[in-house]
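Trainee: this one's structure only:
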């Protein structure tokens, strides 16, 4: 099994910054994609940013220019630097990873437990 553990959420004032981190552990053979999604109350989960191994990055339009995703492939980690935060960024943020399970032909699609980010004065 593959587990994802997130860290770095919290309360921040508008205009502030936060950094989220996520580490994958367990039976990981390879990871194809790591990224971040978020879900605000009474809204569907949405993509924030993803990064394919090899470098291709996708950002939601709402975070372009403010958020930066990065990965450490050797450590199976992904981070999200969030600057110029707005109240509408308030949500539970989830880490996601997809790849292959060690010693098998099976793939995994794992989610972290979620971390709350609240942007408020």
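Mentor: Right, received. Where do you want to start? Predicted model, so just to flag it, every value in this text is computed and none were measured.
Trainee: When you work out contacts or count neighbours from here on, use the C-alpha atoms and nothing else.
Mentor: Fine.
Trainee: State the number of residues packed around the closest residue to residue 39 other than its chain neighbours.
Mentor: Computed as Cα to Cα, 6 or more residues apart in numbering, the closest residue to residue 39 that is not its neighbour in sequence is residue 45, at 4.3 Å. A count of nearby residues for residue 45, using other Cα atoms under 10 Å, gives 15.
Trainee: okay, residue 45: pLDDT?
Mentor: In this model, residue 45 is scored at 97, pLDDT.
Trainee: ok, it to residue 52 distance?
Mentor: 20 Å (Cα to Cα, to the nearest Å).
Trainee: Bridged to residue 72, which residues?
Mentor: residue 77 (DSSP bridges).
Trainee: Test my guess that it contacts residue 78.
Mentor: Yes - using Cα atoms under 8 Å, residue 72 is in contact with residue 78, at 6.4 Å.
Trainee: what about those two, which has more around it?
Mentor: More crowded of residue 72 and residue 78, by other Cα under 10 Å: residue 78, with 25 against 11.
Trainee: my read: the more buried one touches residue 70, true?
Mentor: Yes - proximity of residue 78 to residue 70 meets the contact threshold set by Cα under 8 Å, at 5.7 Å.
Trainee: Show the model's pLDDT score for the residue nearest the centre of the chain.
Mentor: Nearest to the centroid of the C-alpha atoms of the chain, with distances taken as Cα atoms, centre = their mean, sits residue 36, at 2.5 Å. We note a pLDDT of 98 for residue 36 in this prediction.
Trainee: can you count the residues close to the closest residue to residue 36 other than its chain neighbours?
Mentor: Distances taken as Cα to Cα, 6+ apart place residue 95 nearest to residue 36, at 4.7 Å, with adjacent residues excluded. Residue 95 has 31 neighbours, counted by other Cα under 10 Å.
Trainee: Roughly how far does residue 95 sit from residue 63?
Mentor: Distance of residue 95 to residue 63, computed by Cα to Cα: 16 Å.
Trainee: what does residue 54 give?
Mentor: Residue 54 is 22 Å from residue 63, where distance means Cα to Cα.
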